[in-house]
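Engineer: Provided below for reference: sequence and predicted model.
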Amino acid sequence: MRWCGYPIDSYPSVVLAQTISTIILFAFPAFYMSWWITGSFTELLKIDRITPPSGRAWLLGIATIILCQPLVTWSAWINQTICKDWDCWNAIFEMSQRYSEMVNKLVQTDTILHFAVSVFIVSILPAVVEEIFFRGTLQNIVLANTKSPTATILITSTVFSIIHVEPSGFLPRLILGIVLGFLYHCGRNIWVNIAAHALNNLVAVIILATAGNEALDSMNQPTENPGVIIPIIGVILLSFAMNGFYNKTKLEQP
């Protein structure tokens, strides 16, 4: 079977499929909702009116996404413990496994050019369109209706996690979504979110490319309790980073 002139399991076909699905699922709905609500494709996103953050705000935003990783890993173990015996999720697990195999095919390449393309497709493009959709669009819409930042971030993060259709990764993505929602609410700058999200994706791509799928699975779906010491330390450091980001961006906003 061929797709766009290429064998369906070939590298070009996988690249095209990933690119098209990402744009259709997230980019198109984001710009359409902005147009439907405001009459402008970019008004809701306010991309053209964003003031570049200071270097310190960038660093604090990146530090926040890095320091949440111990908590994300610990929540992955809890999630895996809860879901491992749920036979009703088998069909969804199989679907997510097929997606993982597609990503693995993208990342496990023999040339630098293909790897660079894969980094863009798997790390950068999803970060751009998902942040535009979930934070730039959905979070603004929910906030306008709830008037509660806390409820808005929780609702948006829950949708962010559910829409990835991966039960074994629900809690980790929920926490990641909460952190990203906090960054956007405080900084009001979609580019900081995109950079933080892309970095999170890039770490996974590098691990997958260098250590293989088993190493990545051991992080995303740990079978042994990682303990609570490192997550507790991570939460403490994460709190400092989030507080620093909040105070810094509050001072920078007009």
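Structural biologist: In hand now; what should we look at? The structure displayed is predicted, hence computed values, not measured ones.
Engineer: Of all the residues in the strand or helix carrying residue 195, which ones are buried?
Structural biologist: Per DSSP states H and E: residue 195 is located in helix 190-211. Of the residues in helix 190-211, 190-198, 200-201, 203-205, 207-209 count as buried by neighbour count, 16 or more other C-beta atoms under 10 Å. Where C-beta positions appear, they are placed from N, C-alpha and C, glycine not excepted.
Engineer: On the three-state scheme, residue 126 is what?
Structural biologist: Per DSSP: H, G, I helix; E, B strand; the rest coil, the local secondary structure of residue 126 is helix.
Engineer: Which residue ranges of the protein form strands?
Structural biologist: 2-3, 6-7 (DSSP state E).
Engineer: Could you tell me the least trusted of those strands?
Structural biologist: With a mean of 53, strand 2-3 has the lowest mean pLDDT of those.
Engineer: Just the CA atoms of stretch 179-189, as CSV, please.
Structural biologist: C-alpha atoms of stretch 179-189 as CSV (Å, rounded to 0.1, in the frame of the first residue of the first chain):
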residue,chain,number,x,y,z
VAL,A,179,2.6,23.6,34.7
LEU,A,180,2.2,24.9,31.1
GLY,A,181,-1.1,26.5,32.0
PHE,A,182,0.5,28.3,35.0
LEU,A,183,3.3,29.5,32.7
TYR,A,184,0.8,30.9,30.2
HIS,A,185,-1.5,32.5,32.8
CYS,A,186,1.3,34.3,34.6
GLY,A,187,3.5,35.1,31.6
ARG,A,188,0.8,35.7,29.0
ASN,A,189,3.4,34.8,26.4
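Engineer: Determine how far it lies from the middle of the whole chain.
Structural biologist: Mean-position distance between stretch 179-189 and its chain equals 13 Å (C-alpha atoms, centre = their mean, to the nearest Å).
Engineer: and it, average pLDDT?
Structural biologist: For stretch 179-189, mean pLDDT is 91.
Engineer: Show me the contact partners of it.
Structural biologist: With contact meaning C-beta atoms under 8 Å, 6 or more residues apart in numbering, stretch 179-189 is reached by 46, 50-53, 57, 61, 64-65, 68, 131, 134-136, 139, 143, 149, 152-153, 156-157, 160, 190, 192-193, 196-197, 238, 242, 245-246, 249-250, 253.
Engineer: ok, now which ones touch the closest residue in space to residue 64 that isn't next to it in sequence?
Structural biologist: Excluding the flanking residues, the one nearest residue 64 by C-beta to C-beta, 6 or more residues apart in numbering is residue 241, at 4.5 Å. The contact partners of residue 241, taken as C-beta under 8 Å, 6+ apart, are 60, 63-64, 67.
Engineer: Now do residue 241 against residue 182, distance only.
Structural biologist: Distance, residue 241 to residue 182, by C-beta to C-beta, to the nearest Å: 10 Å.
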